[in-house]
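Chemist: pasted the sequence and its predicted model underneath.
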Amino acid sequence: MTTESIIKEDIKKAILAQFELSVEDIVLQPTKKEFEGFYTFVSFALSKSIRKAPAEIGQLIGAYLLEHSTIVSDFNVVQGFLNISLKDTVWLQTIDQISKNAHFGSSEPNGASVMVEFSSPNTNKPLHLGHLRNNFLGDSLAKILETSGYQVVKTCLVNDRGIHICKSMLAYQYLGNGETPETAQLKGDHLAGKYYVLFDKEYKTQIKDLIAQGKTPEEAAKQAPWMQEAQKLLRLWEQGDKETVDLWHKMNGWVYAGFNETYTKIGVEFDKTYYESDTYLLGKDIIEEGLEKGVFFKKDDQSVWVDLTAEGLDEKLVLRGDGTSVYITQDLGTTELKYSEYHSNRYLWVVGNEQDYHFKVLFAILKRLGRTYAQECHHISYGMVDLPTGKMKSREGTVVDADDLVAQMIQTAADRTQELGKIEDFQSEEAKLLYHQLALGALKYFLLKVDPKKRMLFNPEESIDFQGHTGPFIQYTYARIRSIGRKAVATSIQGAIPAAGYSLHPAERELIFFLSQYPQKVKAAAEEFAPSIISLYAFELAKVYNQFYAEVSIFADPNPESVQFRIALSAAVAKTIQHALGLLGIDAPERM
RNA sequence: GGUCCCGUAGCUCAGUUGGAUAGAGCAACUGCCUUCUAAGCAGUAGGUCUUUGGUUCGAAUCCAAACGGGAUCACCA
């Protein structure tokens, strides 16, 4: 039983004893800093049924707690707010348990499994900042769910086919001159992206020419030679034309090599990768099933539709008149495939909020088809990363490239570290590792500290900070504590939790309180699919520790019990920071 | 136009699901390194929570409308 639930039980008893009223749920909130106490009970709501003033109610509950509760040491009442302080023995027990717990923050396996799909790149362009948010969110979410007891499968669905892929292939056929990543000295994904841009450039000129010849913009867009040819290439690919398929293999091979390099660099990996070229034909049997069940209906032109107006959605096409699939057909098929291969209990899709509607439709259809897992399908919808100039558009070259950004961050980390000159004894490999850890710490934290649902702004003019509310601030706090740990070892002082009777310093109490909140934060992050909850917690914990660090001396304290305690307390903080950063995919360096 | 999301300090974001005098970081200004890492700590300044109504003991939070921004409404993915 947690201290919080003990207080809640005691308050229930108090209300029953003082007012003969039984209350279901007691809600406690952390006491605001300007008031004395750690937990606050708000009594306004009780005022009506008890017919006493909120302050009086608070007073009576407080008095009861002081007399009967084994853990309450003091209380004060401000209007309807009952602020509760706890005995130091309670805090000492709390930190003792946290210290002993090697898996503090983690839960036992819960027997359930969850599949998290994220990243989902297109093979016609390199990864950009938007993908980074997606990747970091997905990866962090997977870690949070795993530590919460789920068995997690991370999947990636690669969009490796379709007209857009044919566009870069076509441009390469015309303009490539046999160029390869080696001859071009370019990562494969960037090389493919180059031809995608070249296609677009030429295509636009062709449209312009056609409009000049009197075509409407719509006609021009359809009739432009390169568009016609790209479509022809798509048909050839679907027919399995050897030359086309070979080129497709070759270019995709380059792209995958490039992607893998990036994934390795940012520390993201998958348990299972699906390719759309394998799954794009799936889903047609589900269309059959839906027709039989009367969930779908056929129009005169043989196209198949679903009417979701009852759910507040529209009629939606699920199969073209010519019998070929659309996006939703594939997704129905892929979801069924995932289910048949893994039988996971839950399915998550980390996909941008521009696809909110698509997922509403997908889940509504699954429900109508009677899929039991439909209840446990969730779209983790996240906001776009915008630039000061607006939305990123890959074709227009207004994207922040992932590889460039990471390289730039590493450079900044190196410059900053060298300026500070704290690691001059590091070997070059150690230093490089540290720069990498700091760069990714800053980048990941920057993207994960914001509520995923909200869109966010990235200003390339202002580089991502290493001070203040940042990843490196938290990493720094960890490194500081590790330094204390090393000194403790060097001076042969063991960390220890003092026996009952030890009088806590306010800064110590504050730290224990913050530590005790961690498991709830992990739980909330898992329930709300929000790594930002962990991010904010880690920052606050680090901040509270730094205040403690500035306020008390650890080794110079005359009381040896205090020295030992502060070493143990610091170690518990370090452990928790490391765990929390780990959930964000951020490494905690020993020194920096 | 229909549907959905958003609007909090100069900037970037929190705000524990309706509670106390709305909080952080950055930027600005002031202090603090001979002592455990100053990537830090302490402080000053900065707000009509877009606006207007409503709900109630109590609203940044819930409801309605207006204004502003974004997404989506493809036989694209």
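Modeler: Done, it's in. Given the structure is predicted, the values throughout are model-derived calculations rather than measurements.

Chemist: any idea how many residues pack against whichever residue of chain A sits closest to RNA strand B?
Modeler: Proximity of chain A to RNA strand B (Cβ to the nearest atom of the strand) peaks at residue A:468, 2.0 Å away. Heads up, the C-betas are built off the backbone N, CA and C, glycines and all. The local packing of residue A:468 (other Cβ atoms under 10 Å) involves 8 other residues.

Chemist: where does it sit, in terms of helix or strand?
Modeler: Using DSSP states H and E, residue A:468 is not contained in any helix or strand.

Chemist: then the one 5 residues further on?
Modeler: Element membership for residue A:473 (DSSP H and E) is helix A:471-490.

Chemist: if you count contacts, what does that helix end up packed against?
Modeler: Packing contacts for helix A:471-490, counted by 3 or more Cβ pairs under 8 Å, 6 or more residues apart in numbering; DSSP states H and E, involve helix A:428-448, helix A:531-551, helix A:560-583.

Chemist: list the contacts for the closest residue to residue A:546 other than its chain neighbours?
Modeler: Closest residue to residue A:546 apart from its sequence neighbours, by Cβ to Cβ, 6 or more residues apart in numbering: residue A:477 at 6.0 Å. Residues counted as contacts of residue A:477 (Cβ atoms under 8 Å, 6 or more residues apart in numbering) are A:542, A:545, A:546, A:573, A:577.

Chemist: from those residues, which would you call buried?
Modeler: Buried subset of the contacts of residue A:477 (neighbour count, 16 or more other Cβ atoms under 10 Å): A:542, A:545, A:573, A:577.

Chemist: now do the SS call for residue A:124.
Modeler: The three-state label given to residue A:124 by DSSP: H, G, I helix; E, B strand; the rest coil is coil.

Chemist: isn't it right next to residue A:163, touching?
Modeler: No: counting by Cβ atoms under 8 Å, residue A:124 does not reach residue A:163; the two are 9.8 Å apart.

Chemist: these two: who's more crowded?
Modeler: The residue with more neighbours, out of residue A:124 and residue A:163, is residue A:124; 26 against 13, by other Cβ under 10 Å.

Chemist: for the residue of chain A closest to RNA strand B, what are phi and psi?
Modeler: With angles defined as degrees, to the nearest 10, residue A:468 sits at phi 80, psi -140.

Chemist: that one and residue A:544: what is the separation?
Modeler: Counting by Cβ to Cβ, to the nearest Å, the gap from residue A:468 to residue A:544 is 15 Å.

Chemist: do the same with residue A:59
Modeler: To residue A:544, residue A:59 is 31 Å away according to Cβ to Cβ.

Chemist: please enumerate the strands of the stretch 101-250 of chain A.
Modeler: Per DSSP state E, counting those that start in this stretch, the stretch 101-250 of chain A carries strands over the ranges A:113-117, A:151-158.

Chemist: tell me which strands the longest one pairs with, and in which orientation.
Modeler: Translated: strand A:151-158. Here strand A:151-158 is paired, per DSSP bridges, with strand A:113-117 (parallel), strand A:272-275 (parallel).

Chemist: dump those strands to CSV, plus mean neighbour count and distance to residue A:245.
Modeler: Formatted as CSV, those follow (neighbours: other Cβ atoms under 10 Å; distance: least, Cβ to Cβ, whole Å):
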stretch, mean neighbour count, distance to residue A:245
strand A:113-117, 24, 26
strand A:272-275, 16, 14
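
Chemist: to residue A:384, which of these lies closest?
Modeler: Relative to residue A:384, the nearest member of the strands paired with strand A:151-158 by Cβ to Cβ is strand A:113-117, separated by 18.6 Å.

Chemist: using PDB, list the CA coordinates for the closest one.
Modeler: What follows is strand A:113-117, C-alpha atoms only, in PDB (Å, rounded to 0.1, in the frame of the first residue of the first chain):
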ATOM      1  CA  SER A 113       1.000  -7.900 -25.700                       C
ATOM      2  CA  VAL A 114       0.900  -4.800 -27.800                       C
ATOM      3  CA  MET A 115       2.100  -4.100 -31.300                       C
ATOM      4  CA  VAL A 116       3.400  -0.600 -32.000                       C
ATOM      5  CA  GLU A 117       3.700   0.500 -35.600                       C
END
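
Chemist: enumerate the residues of the stretch 201-350 of chain A near RNA strand B.
Modeler: Counting by Cβ under 7 Å from any atom of the strand, the stretch 201-350 of chain A comes close to RNA strand B at A:276, A:299, A:301, A:303, A:312, A:314, A:317, A:320-322, A:325-327, A:330.

Chemist: let me know the closest of those to residue A:132.
Modeler: Checking those against residue A:132 with Cβ to Cβ, the nearest one is residue A:276 at 21.6 Å.

Chemist: thought the closest one was touching residue A:161?
Modeler: Yes: counting by Cβ under 8 Å, residue A:161 is a contact partner of residue A:276 at 5.3 Å.

Chemist: ok, back up a step: what about the next helix or strand after the helix holding residue A:473 and RNA strand B, touching?
Modeler: Of the helices and strands lying after helix A:471-490 in sequence (DSSP H and E), the nearest is helix A:506-528. Yes: legend: contact between helix A:506-528 and RNA strand B by Cβ under 7 Å from any atom of the strand is shown at residue A:528.

Chemist: next one: helix A:506-528 to chain centre, how far?
Modeler: On the basis of Cα atoms, centre = their mean, to the nearest Å, helix A:506-528 sits 19 Å off its chain's mean C-alpha point.

Chemist: in that helix, which residues are buried?
Modeler: Going by 16+ other Cβ under 10 Å, helix A:506-528 has these buried residues: A:507-516, A:518-519, A:521-522, A:525-526.

Chemist: what does stretch A:347-365 give?
Modeler: Residues of stretch A:347-365 classed as buried by neighbour count (16+ other Cβ under 10 Å): A:347-353, A:355, A:358-359, A:361-365.

Chemist: can I have that stretch written out in PDB, keeping just the CAs?
Modeler: Extracted in PDB, the C-alpha atoms of stretch A:347-365 (Å, rounded to 0.1, in the frame of the first residue of the first chain):
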ATOM      1  CA  TYR A 347      -2.500  -2.400 -31.800                       C
ATOM      2  CA  LEU A 348      -1.100   1.000 -31.900                       C
ATOM      3  CA  TRP A 349      -0.300   3.100 -34.900                       C
ATOM      4  CA  VAL A 350       2.000   6.100 -34.500                       C
ATOM      5  CA  VAL A 351       0.900   8.200 -37.400                       C
ATOM      6  CA  GLY A 352       0.500  11.900 -38.000                       C
ATOM      7  CA  ASN A 353      -2.800  13.600 -37.200                       C
ATOM      8  CA  GLU A 354      -3.400  14.300 -40.900                       C
ATOM      9  CA  GLN A 355      -4.600  10.700 -40.900                       C
ATOM     10  CA  ASP A 356      -7.100  11.000 -38.100                       C
ATOM     11  CA  TYR A 357     -10.000  10.500 -40.500                       C
ATOM     12  CA  HIS A 358      -8.400   7.400 -42.100                       C
ATOM     13  CA  PHE A 359      -8.000   5.700 -38.800                       C
ATOM     14  CA  LYS A 360     -11.500   6.500 -37.600                       C
ATOM     15  CA  VAL A 361     -12.700   4.800 -40.800                       C
ATOM     16  CA  LEU A 362     -10.400   1.900 -40.400                       C
ATOM     17  CA  PHE A 363     -11.500   1.200 -36.800                       C
ATOM     18  CA  ALA A 364     -15.100   1.700 -37.600                       C
ATOM     19  CA  ILE A 365     -14.900  -0.900 -40.400                       C
END
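
Chemist: give me the number of residues near residue A:386?
Modeler: Per other Cβ under 10 Å, the neighbour tally for residue A:386 reads 16.

Chemist: over to it: give its phi and psi.
Modeler: With angles defined as degrees, to the nearest 10, residue A:386 sits at phi -100, psi 160.

Chemist: what's the answer for residue A:40, then?
Modeler: Dihedral pair for residue A:40: phi -120, psi 130, per degrees, to the nearest 10.

Chemist: enumerate every residue touching the most centrally placed residue in chain A.
Modeler: Nearest to the geometric centre of chain A sits residue A:137, at 2.4 Å (Cα atoms, centre = their mean). Listed by Cβ under 8 Å, 6+ apart, the contact set of residue A:137 reads A:118, A:350, A:380, A:382, A:447, A:448, A:452, A:531.
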